[in-house]
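> coords below, sequence missing:
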């Protein structure tokens, strides 16, 4: 089985390559520069509690949050999937899905990028752009405007069992996106030039999953990093 290496990456010697269904991509990652605490998050739906050591706990059928500090478009979540939530909520499509994922360029509830690890009913990684240029609140766009993106190359992520811990990371450079699981590249491709019009922070999302998360983000951006943005929480800003 071949191992692909990306030039210009930095290898962490403590990390081992993860062998996945479509091959093994051995990729080095630079350490994220910002540890995200509960105080750094604007939670627009559900509840996030802070445990010791800035770990975050989620036990809500719907959770949506974004960073209130502007950073580079890189987000890293080391998470433990605890199991299903006691109560469950269906998506706008009516589907009952269990999932956890990352948000990038989260301009608002109607315009953003999703990197979602679907746990059930079938385990897979899905990258989507939600685009509704003239709409900015959930009541306006609902679940419309989603477009799943086909990668240039990808690997299967495998299933998640209760109690299992994994790391999910996404980073954007312009319209290019790379996604890593346990420091191995599992998705790479272009999201299209239209995503460059989206200006917003990184964040996280979950549906019907109990989680413990250690969250990190890219380097804070300039002077604006000292002035957290106002939280857009409320019924009109959920997703």
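Alright, I've got the coordinates. What you are looking at is a predicted structure, and each value in this text was computed from that prediction instead of being measured. Residues are numbered from 1 along each chain as shown.

> Secondary structure element holding residue 117?
Under the criterion of DSSP states H and E, residue 117 resides in strand 111-120.

> just checking, next helix/strand downstream of that strand?
Beyond strand 111-120 toward the C-terminal end (DSSP H and E), the next one is strand 124-130.

> so what strands line up beside that next one?
Strands flanking strand 124-130 in the sheet, each with its direction: strand 111-120 (antiparallel), strand 146-148 (antiparallel) (DSSP bridges).

> Just the buried positions in the strand holding residue 117, please.
For strand 111-120, the buried set under the neighbour-count rule, 16 or more other C-beta atoms under 10 Å, comprises 111, 112, 113, 114, 115, 116, 117, 118, 119. C-beta coordinates here come from the backbone N, C-alpha and C atoms, glycine included.

> For those, give me a markdown table that also has distance to residue 134 and pLDDT.
What follows is the buried residues of strand 111-120, written out as a markdown table (distance: C-beta to C-beta, whole Å; pLDDT from 0 to 100):
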| residue | distance to residue 134 | pLDDT |
| --- | --- | --- |
| 111 | 10 | 95 |
| 112 | 15 | 96 |
| 113 | 18 | 98 |
| 114 | 20 | 98 |
| 115 | 25 | 98 |
| 116 | 25 | 98 |
| 117 | 30 | 98 |
| 118 | 29 | 97 |
| 119 | 33 | 97 |
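
> Kindly reformat the residues you listed as a markdown table and extend each row with distance to residue 211.
What follows is these, written out as a markdown table (distance: C-beta to C-beta, whole Å):
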| residue | distance to residue 211 |
| --- | --- |
| 111 | 25 |
| 112 | 20 |
| 113 | 20 |
| 114 | 16 |
| 115 | 15 |
| 116 | 13 |
| 117 | 11 |
| 118 | 14 |
| 119 | 10 |
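
> How about the backbone phi and psi for the spatially most central residue of the chain?
The centroid of the chain falls nearest to residue 102 when counting by C-alpha atoms, centre = their mean (0.7 Å). Summarising the backbone geometry of residue 102 under the convention degrees, to the nearest 10, its torsions are phi -110, psi 150.

> what's the spacing between it and residue 133?
Here the distance between residue 102 and residue 133 works out to 22 Å (C-beta to C-beta, to the nearest Å).

> before we move on, what about residue 55?
Look at residue 55 and residue 133: by C-beta to C-beta, they are 37 Å apart.

> Enumerate the positions of stretch 158-175 that are buried.
Along stretch 158-175, the positions that meet the burial threshold by neighbour count (16+ other C-beta under 10 Å) are 158, 160, 166, 167, 168, 169, 170, 171, 172.
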